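Visitor: Okay, sequence plus prediction incoming.
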Amino acid sequence: MSDLFNVRPVVAYYPMWHENQNWLDPKHSRLAQVTSTVNVLILSFIDPAKQYSGSLESPISEYFFEGEGKGLEEVATLKDLKVAIAQSRINCPGRKILVSAGGEIGGEFINADFESMALLVADLDLDGLDLDYEPAGGMTQTVEQVAIYKKIICDARIALDMQTTTTSKKYLLSCAPTGVGLLSETELQPDFIESVSQRLSVFVDKNEQLEALRVGTITDDPSDALNSALSSYNFESAGKMAEVFLAKSNCEHYPFIGNMVDIVIYQAYNMGSVNLLGRLLCYESHRALSEKLQIESGQKAFAIIHGSHIGQEAFPRYSHTLTRLQIIYAYICEYGRLDDGASFWAYGQDPVDKQDYLPVHGMGYKHSDEVFEAIASLHKKYATVAPNSKTGL
């Protein structure tokens, strides 16, 4: 059993803006009825700058973007949401439920009020806070953005820990940086890439290995459909998250800023031409840094959740087929720690199969629930097997 979760996590971001949420009947709300194969839910998104009044009588829509759902004759409140959250846990014992701040709409974190966010987490009896810092649609591309990300993590951790002094509950802090955030050209080692490729090849059909394991060159343009691994190093944000996680902390209990984070749900999507090998390089780079933090700090380091889309990516429409998803997460089950797992954007999103990268055998699923069930089954298969978590790269 893992330390953070009852079983290896299957995470889904829950879009609060969808219609027909049925908040006014919270025990039968859409949130309460989420399939039990998803054992971690992240409610998306709250405005980081919104000050929480401390009243659960406030409308959901005051805090979540379009939060009460369209078409309601009455306005649902945070009190209704709290009941729905409790019912969701009853329907899936052990489920963790967090709230995400930021996203594409509010990801600048200008005038962010972390004390309000932490109080809202406590009052809704949530398990923690997820930080989705997306400045100007990018992530950690500049020195200024790196500095802001450090401050965001520090301020969020301090605010959550202040709530712990009142509630005695330890709140989880997660963040959702870009998947390439720990890949840098200075750390580009042929032996590292070859080791990951050899491990990965065992899971890939021989007919697809040429595409899935193609290394490519560092000069590949990420926007080109080249299906290479090294195009993952070409994004402006590549490597920048290492500066965030390895920065020394000013807080007594956290030697490094990376120690303040319990979970890193990196966004391994919208990665252009990056193939399966490149996406697993993202996983291994995060695992290596997590283990480095654990050794240097003497504290347990963050769990790693690999983020995938349901269906196509926005850029440039890479297909997350069921076969590819099963390969990614079988690899993580085989070589990752028990807290490492899967994340998907987003719950209830159906796949689109008109893709540039769609193989002959197609998507392999028609509804997001089929993906959650397949990955949960995969996690169960590996639950009784001790993961081969030695880095060895």
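Guide: Here it is on my side, so go on.

Visitor: what residue lies at the spatial centre of this protein?
Guide: For the chain, the residue nearest the mean C-alpha position is Ile265 (2.8 Å; Cα atoms, centre = their mean).

Visitor: Pretty sure it sits in a helix.
Guide: No: secondary structure of Ile265 (DSSP: H, G, I helix; E, B strand; the rest coil): strand, not part of a helix.

Visitor: Not including adjacent chain positions, what is the nearest residue to it?
Guide: Leaving aside its sequence neighbours, Ile265 sits nearest to Ile305 (Cβ to Cβ, 6 or more residues apart in numbering; 4.2 Å). Yep, even glycine has a C-beta here, placed from its N, CA and C like the rest.

Visitor: Can you name the helix or strand that that neighbour falls in?
Guide: Assigning secondary structure by DSSP states H and E places Ile305 in strand 303-309.

Visitor: who's in contact with whichever helix or strand comes after that strand?
Guide: Using DSSP H and E, the helix or strand that follows strand 303-309 in sequence is strand 311-312. Here strand 311-312 makes contact (Cβ atoms under 8 Å, 6 or more residues apart in numbering) with Tyr318, Ser319, His320, Gln349, Asp350, Pro351, Val352, Asp353, Lys354, Gln355, Met363.

Visitor: After strand 311-312, which helix or strand is next?
Guide: For strand 311-312, the following helix or strand on the C-terminal side (DSSP H and E) is strand 319-320.

Visitor: and that next one, what does it pack onto?
Guide: strand 311-312 (3 or more Cβ pairs under 8 Å, 6 or more residues apart in numbering; DSSP states H and E).

Visitor: tell me the mean pLDDT for the strand it packs on?
Guide: Averaged over strand 311-312, pLDDT sits at 87.

Visitor: In its sheet, which strands sit next to it, and in what direction?
Guide: strand 319-320 (antiparallel) (DSSP bridges).

Visitor: Can you list the helices and strands that the helix or strand following the partner strand packs against?
Guide: Next in sequence after strand 319-320, counting helices and strands by DSSP H and E, comes helix 322-335. Secondary-structure packing of helix 322-335 (3+ Cβ pairs under 8 Å, 6+ apart): helix 190-201, helix 276-297, strand 303-309, strand 341-345, helix 368-382.

Visitor: Show me how far the fourth one is from its chain's centre.
Guide: In this case it means strand 341-345. 6 Å (Cα atoms, centre = their mean, to the nearest Å).

Visitor: And the last one, by the same measure?
Guide: In terms of Cα atoms, centre = their mean, the gap separating the centre of helix 368-382 from the centre of its chain is 17 Å.

Visitor: Contacts made by it with the rest, please.
Guide: Outside helix 368-382, the residues touching it (Cβ under 8 Å, 6+ apart) are 7-8, 10, 12, 35, 37-39, 310, 322, 325-326, 329-330, 333-334, 341-342, 344, 346-351, 365.

Visitor: Identify the bridge partners of the nearest residue to Asp339 once chain neighbours are set aside.
Guide: Sequence neighbours aside, Ala303 is the residue nearest to Asp339 in space, at 3.5 Å (criterion: Cβ to Cβ, 6+ apart). Note on Ala303: beta-bridge partners by DSSP bridges are Ile263.

Visitor: State the distance from the closest residue to Gly102 other than its chain neighbours to Ile85.
Guide: Of all residues not flanking Gly102 in the chain, Asp132 sits nearest, at 4.0 Å (Cβ to Cβ, 6+ apart). With distances taken as Cβ to Cβ, to the nearest Å, Asp132 is found 19 Å from Ile85.
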